[in-house]
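**Student:** sequence plus predicted model, see below.
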Amino acid sequence: MLNPRSLVEDRTYLRHFWHPVCTLAELEAAGPDGAGPIGAKLLGEPLVIVKLDGRMRAMRDRCAHRFAKLSGGKIVENRLQCPYHGWQYNADGRCGKIPAAPSDAIPRKAFVPSYECEVKYDIVWVRLDSSWDATTIPHCGAWDNDEYKKVIVAQPYNWASSAERRWENFTDFSHFAYVHPGTLYDPAYSEPAIVPMDRVDGELRFFMEPGKDMLDTLPPDSPLGSWTYRAAMPFTVNLDIRLYKNDQPFLLWTTSSPIDDENCRNFMIIAHTDPDMPDSTPLDFQKLVLAEDQPVIETQPGDLSLEEVSLPTDKVSNQYRKWLRELAMGAMEGREGFRKALLTNTYESV
């Protein structure tokens, strides 16, 4: 079988970005004291997330002794204890206690690598390589914004798809008429707009105005309106919607975390202005949309391919793919090459 040529063959540049790995709710449910531990996987790296010394920590999910998973352990004496032989790890990843040899000096190799870890939007974020310090956690327009009366952090979901494919799916105008007829879009509008796109501070920014006359053909929960995108590279989309039905703001925020080359974990925040609306109303509608998308997207190969045929109407994904290649190539030049590729602004909408 011929393997298609990958758009980006070396994905190690992704280690320099912040990626979400779990929600605070998941971490709190994983341990009796609400501090974990919980296992996760990011870019093929098994991680354990735990709260020690009052802060969130991310470490490699592998005991230095016999490589058992630390995520199966528990917190003892403010340390993370391995479930196999009870080795205990401090917040910095160094072993602080070996029960089988309490009088012996702890070997210098008795540590597990630790990674930068932060909490934002009630989500735990990890950056595997912080040496260049060139990236920030992506923007979410609903957080600390009093205009929104409800901000819902949804339960994450996994897809057998690359994070790149999931991002493209969320921003693909052409698929609405075929995958979401009568849900998000009127199938009569199959020719998408070709919109101006800007690169601003590591984000792709663009705007789309769907036809208002579609409103009568869609269910009342459909968030049809003017769509303003702030898509932070590489996998986050902040979609501000001004609803046609009531001229109120509605926000859909999503980010895809690359579990590995073929799988992603997806996080979503929904925000709106109706304090009386049950959370189930917008969540159930998004589940319906996702159920329409998932079986299609999971048929695609993980890699974006240079052999795929693109059209001018694929402008959003074309621009996205171009930027991914520039980031990967810039990273090969080192920190300054990566920063230049990420943070050089360009404008079409002016």
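**Tutor:** Nice, I can see it.

**Student:** got the phi and psi for the closest residue in space to Gln248 that isn't next to it in sequence?
**Tutor:** Among residues not flanking Gln248 along the chain, Thr273 sits closest, at 4.8 Å (C-beta to C-beta, 6 or more residues apart in numbering). Glycine gets a C-beta too; all of them are placed from N, C-alpha and C. Phi and psi for Thr273, reported as degrees, to the nearest 10, are phi -110, psi 0.

**Student:** what's near enough to touch Thr273?
**Tutor:** By C-beta atoms under 8 Å, 6 or more residues apart in numbering, the residues touching Thr273 are 147-150, 248-250.

**Student:** filter these down to the buried ones.
**Tutor:** Among the contacts of Thr273, those classed as buried by 16 or more other C-beta atoms under 10 Å are 148, 150, 249-250.

**Student:** same list, these, but as TSV with secondary structure please.
**Tutor:** Formatted as TSV, the buried ones among the contacts of Thr273 follow (DSSP: H, G, I helix; E, B strand; the rest coil):
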residue	secondary structure
Tyr148	coil
Lys150	strand
Pro249	strand
Phe250	strand
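
**Student:** ok, of the residues you listed, which one's closest to Thr344?
**Tutor:** Of all these, the one sitting nearest Thr344 is Pro249; the distance, using C-beta to C-beta, is 30.5 Å.

**Student:** so the closest one is in contact with Thr228, correct?
**Tutor:** No: look at Pro249 against Thr228 with C-beta atoms under 8 Å: they stay out of range, at 9.9 Å.

**Student:** what residues do the two have in common as contacts?
**Tutor:** 240-242.

**Student:** make JSON lines from these and add distance to Ala154 to it.
**Tutor:** Putting those into JSON lines (distance: C-beta to C-beta, whole Å) gives the following:
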{"residue": "Asp240", "distance to Ala154": "17"}
{"residue": "Ile241", "distance to Ala154": "16"}
{"residue": "Arg242", "distance to Ala154": "22"}
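
**Student:** contacts only, for the nearest residue to His180 once chain neighbours are set aside.
**Tutor:** Nearest residue to His180, sequence neighbours excluded (C-beta to C-beta, 6+ apart): Glu292, at 5.6 Å. Residues in contact with Glu292 (C-beta under 8 Å, 6+ apart) are 179-180, 183.

**Student:** tell me the secondary structure for Glu292?
**Tutor:** Applying three-state DSSP: Glu292 is helix.

**Student:** try Arg321
**Tutor:** At Arg321 the chain is in helix, as set by three-state DSSP.

**Student:** show me the shaky parts of this structure.
**Tutor:** 1-3 (pLDDT under 70).

**Student:** mind giving me the domain ranges of it?
**Tutor:** With domains defined by automatic domain parsing, the chain comprises 18-127, 150-343.

**Student:** part of a helix, is Ala341?
**Tutor:** Yes: assigned with three-state DSSP, Ala341 falls within a helix.

**Student:** doesn't Leu324 make contact with it?
**Tutor:** No: under the criterion of C-beta under 8 Å, Ala341 makes no contact with Leu324, lying 9.8 Å away.

**Student:** hey, what's in contact with both of these two?
**Tutor:** Overlap of the contact sets of Ala341 and Leu324 (by C-beta under 8 Å, 6+ apart) is empty.

**Student:** now the strands for the stretch 1-150 of the chain?
**Tutor:** 19-23, 38-42, 45-52, 55-60, 74-76, 79-81, 88-89, 95-97, 114-120, 123-127, 150-153 (DSSP state E, counting those that start in this stretch).

**Student:** in CSV: those strands, plus distance to Arg165.
**Tutor:** Formatted as CSV, these follow (distance: least, C-beta to C-beta, whole Å):
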stretch, distance to Arg165
strand 19-23, 16
strand 38-42, 17
strand 45-52, 20
strand 55-60, 25
strand 74-76, 37
strand 79-81, 34
strand 88-89, 36
strand 95-97, 40
strand 114-120, 25
strand 123-127, 21
strand 150-153, 23
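
**Student:** what's the closest of the ones you listed to Phe235?
**Tutor:** strand 19-23 (7.5 Å).

**Student:** and that closest one, which strands flank it?
**Tutor:** strand 123-127 (antiparallel) (DSSP bridges).

**Student:** how far off strand 45-52 does the strand it pairs with point, in degrees?
**Tutor:** Angle of strand 123-127 versus strand 45-52, following axes from the mean of the first three to the mean of the last three C-alpha atoms, to 10 degrees, is 120 degrees.

**Student:** what about stretch 270-278, how long is it end to end?
**Tutor:** End-to-end distance for stretch 270-278: 12 Å, by C-alpha to C-alpha, to the nearest Å.

**Student:** same deal with stretch 295-308?
**Tutor:** First-to-last residue span, stretch 295-308, C-alpha to C-alpha: 20 Å.

**Student:** again with stretch 42-60
**Tutor:** 10 Å.

**Student:** what do you get for stretch 89-101?
**Tutor:** Across stretch 89-101, first to last residue, C-alpha to C-alpha, it's 15 Å.

**Student:** what sits up against that stretch?
**Tutor:** Stretch 89-101 is contacted from outside by 52-53, 55, 57, 59-60, 64, 70, 77-82, 85-88, 104, 106-107, 110-114, using C-beta under 8 Å, 6+ apart.

**Student:** good, wrapping up.
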